[in-house]
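what's the 3D shape of this:
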Amino acid sequence: MVKSKSWTMVRHFEGAPKPEDFKLEERELPSLKDGEILLESVFLSVDPYMRPYSKRMMKPGDVMIGSQVARVVESKKPAVVVGTYYVANVGWTTHFISDGTGMHALSLDWPENLPRSLSLGAVGMPGCTAYIGLLEVCNAKEGEVVLVNCAAGAVGSIVGQIAKIKGCKVVGSAGSDDKVTYLKEIGFDEAFNYKTVSSLEEALKNASPEGYDCYFENVGGKYADVALQQMNQFGRIAVCGAISMYNDSVPQTGPYIQPVMLFKQLRMEGFICYRWIDKFPDMQKQLLQWVSEGKLKYHEHVTNGFENMPAGFIGMLRGDNIGKAIIKV
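Residues are numbered from 1 along each chain as shown. Model prediction:
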């Protein structure tokens, strides 16, 4: 019998998640039936969306939500070969049984020089999120100025690089000097540490005196209040996240946005990437091509050991990672 380990949520998070909010549980899996496959996790993803969605989708005792790269270790499904890899949205668990529904296989010709964990990052959901937000929602055009906050994260770092591929000027902000250095290494035209500047308004003006045409929003809160004032006429804002607000017990209040939206004729749209799920294969093919050609660089913040998943998740929300936060089993 195969034993599966899973991290469950003990209680809904109050403020920032804490180690005691999680519990490691173990159970024996039954034998496979015809048409089923047994998979074991290789890489697991921790992402900001898990914080707000845990409240919306989960109840205490549920396995934490999330996706992973898993390898087939036993198969009673003729079409599925042992040793092949899949991306599955089955949560924080080490082993699981599936009939194949809701999973997608990694290409058999996946480049040997690239880690399969990229299918959880630059070539996975975060990469597609960046692609959609910049090119579908913002409709960024050559010569325009793009602002990205949380720019050294899994999504923001890809947004900036795609914008450069498309001929835009790109400004990014991040929360440490090391992250700013990374942004400059991957091609951002301007980057600054929002935690150390004396004035966010002045930092944004200095980075782009001509203003901003597109704003890829990952942070929300007071940052957005300032950034909206820097937008050009007919600017577009793609709201991908609001990580500065996820742990708030009391909702933040801020300036009203209607006047600036009206008089600058801005368009702001929140988006969830899975609205474009039918376009994922084509986007992933393009992202993988850019990575293979060296046009799209990636960085992974790897935490080793399934037992360290809560620590990896908490650290990611705290901003410890550069690029994609991954748990390696």
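
Closest to the centroid, which residue in the chain?
residue 126 (4.1 Å; Cα atoms, centre = their mean).

now the farthest one out in the protein, which residue is it?
Per Cα atoms, centre = their mean, the residue of the chain sitting farthest from its centre is residue 34 (35.7 Å).

And that residue, how far from residue 279?
34 Å (Cβ to Cβ, to the nearest Å). (Each C-beta comes from the backbone N, C-alpha and C, glycine too.)

Contacts only, for the closest residue to the residue nearest to the centre of the chain other than its chain neighbours.
Residue nearest to residue 126 in three dimensions, not counting chain neighbours: residue 154, with 4.1 Å by Cβ to Cβ, 6 or more residues apart in numbering. Counting by Cβ atoms under 8 Å, 6 or more residues apart in numbering, residue 154 touches 47, 121-122, 126, 321, 323-325.

closest to residue 246 among these?
residue 47 (11.6 Å; Cβ to Cβ).

pretty sure the closest one contacts residue 317?
No. The pair residue 47 / residue 317 is not scored as a contact, 9.7 Å apart, by Cβ atoms under 8 Å.

Just the mean pLDDT for stretch 93-109, thanks.
Stretch 93-109 shows a mean pLDDT of 92.

my bad, should have said stretch 320-329
So the average pLDDT for stretch 320-329 ends up being 98.

Stretch 183-192 now?
The model assigns stretch 183-192 a mean pLDDT of 98.

what do you get for stretch 113-131?
Here the average pLDDT along stretch 113-131 is 97.

Summarise which helices and strands the helix ranked longest in the chain is packed against.
Identified as the longest helix of the chain according to DSSP state H is helix 280-293. Using 3 or more Cβ pairs under 8 Å, 6 or more residues apart in numbering; DSSP states H and E, the elements in contact with helix 280-293 are helix 125-131, helix 156-165.

okay if I get those helices as CSV plus distance to residue 308?
Shown next, in CSV, are the helices and strands packed on helix 280-293 (distance: least, Cβ to Cβ, whole Å):
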stretch, distance to residue 308
helix 125-131, 21
helix 156-165, 23
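
which stretch among those comes nearest residue 80?
Set against residue 80 and scored by Cβ to Cβ, the helices and strands packed on helix 280-293 come closest in helix 125-131, at 22.5 Å.

any idea how far the closest one is from the chain center?
Remark: helix 125-131 is offset 7 Å from the chain centroid, using Cα atoms, centre = their mean, to the nearest Å.

Quick one: residues in contact with the helix or strand just after that helix.
Note on helix 125-131: by DSSP states H and E, the next helix or strand toward the C-terminus is strand 145-148. Contact with strand 145-148 is made by 134, 138, 140, 156, 159-160, 163, 168-173, 204, 208, 210-216, 218, 227, 230, 232, as judged by Cβ under 8 Å, 6+ apart.

In helices, which of these fall?
The helices, defined by DSSP H, take in 156, 159-160, 163, 204, 227 from those.

mind giving me TSV with these and columns for pLDDT and distance to residue 74?
Shown next, in TSV, are those (pLDDT from 0 to 100; distance: Cβ to Cβ, whole Å):
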residue	pLDDT	distance to residue 74
156	98	39
159	98	40
160	98	42
163	98	44
204	98	55
227	98	51
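
Ranking by neighbours, what's the top pick from these?
residue 159 (33 neighbours; other Cβ atoms under 10 Å).

circling back: read off the pLDDT value for the residue nearest to residue 126.
Among the per-residue scores, residue 154 holds a pLDDT of 98.

ok, so what distance separates it from residue 29?
Distance, residue 154 to residue 29, by Cβ to Cβ: 31 Å.
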